[in-house]
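*Asks:* Generate a structure from the sequence data that follows.
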Amino acid sequence: KKAEEEAAAAKKKAEMEATVAAKKKAAEEHLAAVRRAEKEAAAKIAKQEAALLRAEQEEAAAIAAEIDVLEKSNFPPKEAERRRAALAQRLQKFRLAMEEAARELTETRRAIEENISNLKAKSKLTKDDKNDR
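*Replies:* This is a model prediction of the structure:
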């Protein structure tokens, strides 16, 4: 009878160790997923920021070239004023587009940070489960 009890205790211990090992492996995989998500998020944000900066620089250069043409040419006053107005409108449109792009980037950042925070919270819950035992 004692041998049966020892065998049952050994079996129970082995099962617990297997459960702990499985939970540890799952937690490690989850942590790796969180780290991957953080790296991907950083790369996505950097890519968006670079694209935004490129677009801003290209448009600013194009507008500067238009201003230069306008200043160096001898357009009749009405034509010069029409071009100035068109340029001012283009500049305003560009500013609004940049503000919108910046808002979208901020929203993307916020969503990514929230997602990562949720992943970390889930990871913390896994750790708390272990501590409860």
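
*Asks:* Secondary structure element holding residue 97?
*Replies:* With elements taken from DSSP states H and E, the one containing residue 97 is helix 77-132.

*Asks:* pLDDT (mean, whole number) over that helix?
*Replies:* Averaging the model's pLDDT scores along helix 77-132 yields 82.

*Asks:* so how far is stretch 31-48 off the chain centroid?
*Replies:* With C-alpha atoms, centre = their mean, to the nearest Å as the basis, the distance from the averaged C-alpha position of stretch 31-48 to the chain average is 7 Å.

*Asks:* er, stretch 105-112 actually
*Replies:* Worked out by C-alpha atoms, centre = their mean, stretch 105-112 lies 6 Å from the chain centre.

*Asks:* what residues does it touch?
*Replies:* Applying C-beta atoms under 8 Å, 6 or more residues apart in numbering, the set of residues contacting stretch 105-112 from outside is 37, 41, 44-45, 48-49, 52. Where C-beta positions appear, they are placed from N, C-alpha and C, glycine not excepted.

*Asks:* is it possible to export the residues you listed to a markdown table including distance to residue 1, secondary structure and neighbour count?
*Replies:* Compiled in a markdown table, those are given as follows (distance: C-beta to C-beta, whole Å; DSSP: H, G, I helix; E, B strand; the rest coil; neighbours: other C-beta atoms under 10 Å):
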| residue | distance to residue 1 | secondary structure | neighbour count |
| --- | --- | --- | --- |
| 37 | 54 | helix | 15 |
| 41 | 59 | helix | 17 |
| 44 | 64 | helix | 13 |
| 45 | 66 | helix | 15 |
| 48 | 70 | helix | 15 |
| 49 | 72 | helix | 14 |
| 52 | 76 | helix | 16 |
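
*Asks:* between those, which is closest to residue 75?
*Replies:* Within the contacts of stretch 105-112, the smallest distance to residue 75 is 33.2 Å, found for residue 52 (C-beta to C-beta).

*Asks:* got the contact list for that closest one?
*Replies:* Applying C-beta under 8 Å, 6+ apart, the residues contacting residue 52 are 98, 101-102, 105.
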